[in-house]
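Peer 1: need coordinates for the below:
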Amino acid sequence: MSRGGDVLPQSSLADSAYHERSIPFPMEGGAPVTRFFIVTAPVEIASPPRAGAPIPLVLLDNRDPALFEELMAAVERVAAQAAFTLGDEVSAFEQEFAAYCGAQEAVGVSSGTDALALALQANGIGPGDEVIVPANSFIATAEAVTLVGATPVFADVEERTQLVTAETLEPHVGARTRAVVPVHLYGRTVHLDPVLEFARDHRLVVIEDACQGHGARYRGRRVGTFGRCGCFSFYPAKNLGAWGDAGAAVTDDREIAERLRLLRSHGESSRYQHHVTGTTARLHAIQAAVLRVKLRRLDSWNTARRRFAAELTQALRETSLELPPPADPGHDHVFHQYVVRTIRRDALRRQLEKRGIATGLHYPVPIHRSPAYQSAQGSPPSLPVVDRLAGSILSLPVLPVMVGRDRSELATRIGEAVRDGLLEEQELL
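Peer 2: Numbers count the residues shown, from 1 in each chain. Next up is the predicted model:
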């Protein structure tokens, strides 16, 4: 499971072809030595699954040969330099990602969870403090609060968008409330203006959880740049995904950025000069190299996601499913997940599985009802919208590499499978 709860597909040698690569490795005191090694590269191209073939929930980089080749070259560059911890590759990605987001600073870290936790810590949030978070999110949103010693306070969400609003946050403000974490869930932007006004009125720090909102805009600005910090996960299945766990926090506050850099690396400013108690949460140079390649494609991928989502909505328009509403004016949706609702969710999921259509649940257990938090709070708070969502939401495949006719045909196939599955389930009742 990821920061966003995505399950990655398993690959096999049957899907791959062997390629021999040679790389010159610099040797101290001598000429470079060429070493050969074997890697696997997929032989399948990024085209729609043939008739009857399974449709996955997500397609990863090994399904795009041209991209895979470029990414392997980036990995080889880092390996040849043997510069794996921070260094030029990480600094370059930080500069490029900050510029992309429209932020003054970006600090690369080892995961989205670490981005959230270190952002809270850098803003002075700790033991005795309360932080309001939506219960409809991946557990890391609350987990980060717990990791810094503070207490997460769970809020309900607005039913149409499935996101927190100023109105759903207001009842949870107390004497110890220090911060709020709005989550741009599934890639849909939170209505931030009222949330920011709410935070100003109550003197709260805003930490944006943009771990599923890479590249999305609100009022023309990238999300992640409205609060004190914006936090991102680059788990492989994200709109901007690394080849493992990775994350970043962006901010316009240089002092906060410096605290983040200290905290991610044992509080160290120069070798063995430790100014605060930190941790090991650095972004790996190989992940930074992968992300630099993919960042250049993010906007086009997000556009492709929106188009695929539009095709899917068209294919599903005559079903009984409750479909994702369009983004409101000034808002955006980059469709990290395409989430529908139905009271027959589990039955439909079984029918789609029979037809080779992968689905996901984001999320089947609200955070406030998970064993990790239910025992600590005794009786869970009453959050009726979140509870209803947990029993009815279903994520359908979003495959942004598909274009034109291929995209339309695949969306149609998913739509037909949904209609047939709903019809068969109704006949069984």
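
Peer 1: who touches the nearest residue to Leu120 once chain neighbours are set aside in this structure?
Peer 2: Using C-beta to C-beta, 6 or more residues apart in numbering and skipping residues adjacent in sequence, the residue nearest Leu120 is Val148, 4.9 Å away. C-betas here are computed from N, CA, C, even on glycine. Contacts were defined as C-beta atoms under 8 Å, 6 or more residues apart in numbering; by that measure Val148 touches Ala117, Leu120, Gln121, Ile125, Gly126.

Peer 1: cool, and Pro127?
Peer 2: By C-beta under 8 Å, 6+ apart, the residues touching Pro127 are Gly149, Ala150.

Peer 1: what ranges does the stretch 151-300 of the chain have for its helices?
Peer 2: Along the stretch 151-300 of the chain, counting by DSSP state H, counting those that start in this stretch, helices occupy 166-169, 192-201, 254-264, 285-295, 298-316.

Peer 1: show me what the fourth one is packed up against.
Peer 2: Translated: helix 285-295. helix 65-81, helix 88-101 (3 or more C-beta pairs under 8 Å, 6 or more residues apart in numbering; DSSP states H and E).

Peer 1: most tightly surrounded among these?
Peer 2: helix 88-101 (a mean of 19; mean count of other C-beta atoms under 10 Å).

Peer 1: how about stretch 230-249 as PDB, C-alpha atoms only?
Peer 2: Extracted as PDB, the C-alpha positions of stretch 230-249 are listed here (Å, rounded to 0.1, in the frame of the first residue of the first chain):
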ATOM      1  CA  GLY A 230       2.700  21.800   0.900                       C
ATOM      2  CA  CYS A 231       3.500  18.100   1.100                       C
ATOM      3  CA  PHE A 232       3.800  15.600  -1.700                       C
ATOM      4  CA  SER A 233       4.300  11.800  -2.000                       C
ATOM      5  CA  PHE A 234       6.100  10.400  -5.000                       C
ATOM      6  CA  TYR A 235       5.000   6.800  -4.400                       C
ATOM      7  CA  PRO A 236       5.300   4.900  -7.800                       C
ATOM      8  CA  ALA A 237       1.600   4.900  -8.600                       C
ATOM      9  CA  LYS A 238       1.200   8.600  -8.100                       C
ATOM     10  CA  ASN A 239       0.700  11.100 -10.900                       C
ATOM     11  CA  LEU A 240       4.300  11.900 -10.400                       C
ATOM     12  CA  GLY A 241       5.800   8.700  -9.100                       C
ATOM     13  CA  ALA A 242       9.400   7.700  -8.200                       C
ATOM     14  CA  TRP A 243      10.800   4.100  -8.300                       C
ATOM     15  CA  GLY A 244      10.200   3.600  -4.600                       C
ATOM     16  CA  ASP A 245       9.100   5.800  -1.700                       C
ATOM     17  CA  ALA A 246       9.900   9.500  -2.000                       C
ATOM     18  CA  GLY A 247       8.400  12.800  -1.100                       C
ATOM     19  CA  ALA A 248       8.900  16.600  -0.800                       C
ATOM     20  CA  ALA A 249       7.700  19.600   1.000                       C
END
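
Peer 1: and it, how far from the chain's centre?
Peer 2: 6 Å (C-alpha atoms, centre = their mean, to the nearest Å).

Peer 1: do stretch 392-412 as well
Peer 2: So, by C-alpha atoms, centre = their mean, the centroid of stretch 392-412 is 19 Å from its chain's centroid.

Peer 1: buried set for that stretch?
Peer 2: Within stretch 392-412, the residues that count as buried by 16 or more other C-beta atoms under 10 Å are 392-402, 407-408, 410-411.

Peer 1: quick one: which two of the residues you listed are the most distant?
Peer 2: Using C-beta to C-beta, the two most remote members of the buried residues of stretch 392-412 are Ser392 and Val401, lying 29.1 Å apart.

Peer 1: before we move on, back to that, export the helices and strands packed on helix 285-295 to a markdown table and tack on mean pLDDT and distance to Arg306?
Peer 2: Formatted as a markdown table, those follow (pLDDT from 0 to 100; distance: least, C-beta to C-beta, whole Å):
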| stretch | mean pLDDT | distance to Arg306 |
| --- | --- | --- |
| helix 65-81 | 94 | 20 |
| helix 88-101 | 97 | 18 |
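
Peer 1: can you redo those helices as TSV with distance to Ala179?
Peer 2: TSV is the format used below for these (distance: least, C-beta to C-beta, whole Å):
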stretch	distance to Ala179
helix 65-81	36
helix 88-101	20
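
Peer 1: and stretch 160-180, how far out from the chain middle?
Peer 2: 22 Å.

Peer 1: for that stretch, buried residues please.
Peer 2: Result for stretch 160-180 [16+ other C-beta under 10 Å]: buried residues 161-166, 168-169, 172-173, 177-180.

Peer 1: nearest to Thr189 among those residues?
Peer 2: Leu163 (8.2 Å).

Peer 1: what residues does that closest one make contact with?
Peer 2: Contacts of Leu163 by C-beta under 8 Å, 6+ apart are Pro134, Val157, Pro182, Val183, His184, Leu185, Arg188, Val190, His191.

Peer 1: let's see 6 Å
Peer 2: Neighbouring residues of Leu163 by C-beta atoms under 6 Å, 6 or more residues apart in numbering: Val157, Leu185, Val190.
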